[in-house]
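A.B. asks: Sequence isn't available, so here's the structure alone:
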């Protein structure tokens with residue numbers, strides 16, 4: 001599995017340098033930076049300590065959506081209240097999840113938000129799975145460099161495994177399922193049920209390949225039974 005690290009609007013160059021160093025140490029090489037030039041500041045390279053190639057090869061994008069244009073599976077980190085986003089994985093729980101996904105997903109990305117405010121709700125909604133690091137209440141957050149190190153360490157074993165070849169159709173199963181589900185909700189006039197939409201958005205990313213394929217079959221059978229809408233109606 002090709003695995004990207006994406007930093008959204010990092011403000012401090014030192015944090016980006018620390019993130020690059022953590023990536024290089026744990027076997028990750030592909031960095032994408034959204035709405036920031038912090039990685040190009042001298043301070044980033046001073047902290048990177050031998051990880052300058054990660055900074056040199058970093059790709060830049062204006063928005064997170066643009067940075068995810070070729071990503072099949074997205075994991076977003078968050079430390080905020082999960083009142084809306086009930087389903088998330090700890091770093092340890094991501095390992096078996098990604099072990100299964102690597103057999104049918106070509107490219108995955110782990111997204112980190114702003115140092116002061118994290119990711120917006122709109123950005124979190126672009127993710128397939130949310131993740132957070134359990135911490136004691138008196139210390140509610142890690143700095144960016146520490147957070148990247150925690151995840152890269154936890155997931156480093158995945159980087160040592162041979163990358164299987166993927167059929168493009170397999171890699172797009174999940175995104176196709178999301179699109180198909182959204183269309184079905186509109187057809188049955190349930191798209192305004194935000195609680196239902198949020199629940200589906202959060203749960204679909206946890207499905208294994210077999211479950212995804214079976215749900216596609218179920219949706220196909222449901223679609224066949226639904227009346228075709230008249231375009232003039």
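C.D. replies: Cool, the structure landed. What you see is a predicted model, and the numbers here were worked out from it, not measured in a lab.
A.B. asks: domain parsing for the protein?
C.D. replies: According to automatic domain parsing, the chain comprises the domains 2-159, 172-225.
A.B. asks: Could I get those domains in TSV, plus columns for mean pLDDT?
C.D. replies: Shown next, in TSV, are the domains of the chain (pLDDT from 0 to 100):
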stretch	mean pLDDT
domain 2-159	90
domain 172-225	85
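A.B. asks: which of these sits most buried?
C.D. replies: Highest mean neighbour count among the domains of the chain (mean count of other CB atoms under 10 Å): domain 2-159, with a mean of 18. The C-beta positions use only the backbone N, C-alpha and C, and glycine is treated the same way.
A.B. asks: tell me how far the ends of it are from each other?
C.D. replies: This stretch, domain 2-159, spans 9 Å end to end (CA to CA, to the nearest Å).
A.B. asks: how about the strands of the protein, start to end?
C.D. replies: Ranges of strands within the chain are 2-8, 30-34, 59-61, 73-77, 88-89, 107-112, 129-131, based on DSSP state E.
A.B. asks: Please enumerate the helices of this structure.
C.D. replies: Per DSSP state H, the chain has helices spanning 13-26, 42-48, 52-56, 64-67, 91-101, 121-124, 144-159, 168-171, 173-187, 194-204, 209-225. These are given in chain order.
A.B. asks: Pipe those into JSON lines and attach distance to residue 108 per row.
C.D. replies: Rendered in JSON lines, the data for the helices of the chain read as follows (distance: least, CB to CB, whole Å):
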{"stretch": "helix 13-26", "distance to residue 108": "14"}
{"stretch": "helix 42-48", "distance to residue 108": "23"}
{"stretch": "helix 52-56", "distance to residue 108": "18"}
{"stretch": "helix 64-67", "distance to residue 108": "13"}
{"stretch": "helix 91-101", "distance to residue 108": "7"}
{"stretch": "helix 121-124", "distance to residue 108": "16"}
{"stretch": "helix 144-159", "distance to residue 108": "9"}
{"stretch": "helix 168-171", "distance to residue 108": "10"}
{"stretch": "helix 173-187", "distance to residue 108": "11"}
{"stretch": "helix 194-204", "distance to residue 108": "15"}
{"stretch": "helix 209-225", "distance to residue 108": "14"}
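A.B. asks: Could you point out which of these sits nearest residue 36?
C.D. replies: The minimum distance between residue 36 and the helices of the chain falls on helix 13-26, with 7.8 Å, by CB to CB.
A.B. asks: Now for residue 147: which residues touch it?
C.D. replies: Applying CB atoms under 8 Å, 6 or more residues apart in numbering, one finds that residue 147 lies in contact with 77, 112, 133.
A.B. asks: Let me know whether residue 78 touches residue 131 as I believe.
C.D. replies: Yes - under the criterion of CB atoms under 8 Å, residue 78 lies in contact with residue 131, with a separation of 7.5 Å.
A.B. asks: so what's in contact with these two at the same time?
C.D. replies: By CB under 8 Å, 6+ apart, the residues touching both residue 78 and residue 131 are residue 88.
A.B. asks: Look up which residues are beta-bridged to the closest residue to residue 88 other than its chain neighbours.
C.D. replies: Counting by CB to CB, 6 or more residues apart in numbering, residue 88 lies nearest to residue 130, which is 3.9 Å off, once chain neighbours are set aside. With DSSP bridges as the criterion, the beta-bridge partners of residue 130 are residue 76, residue 88.
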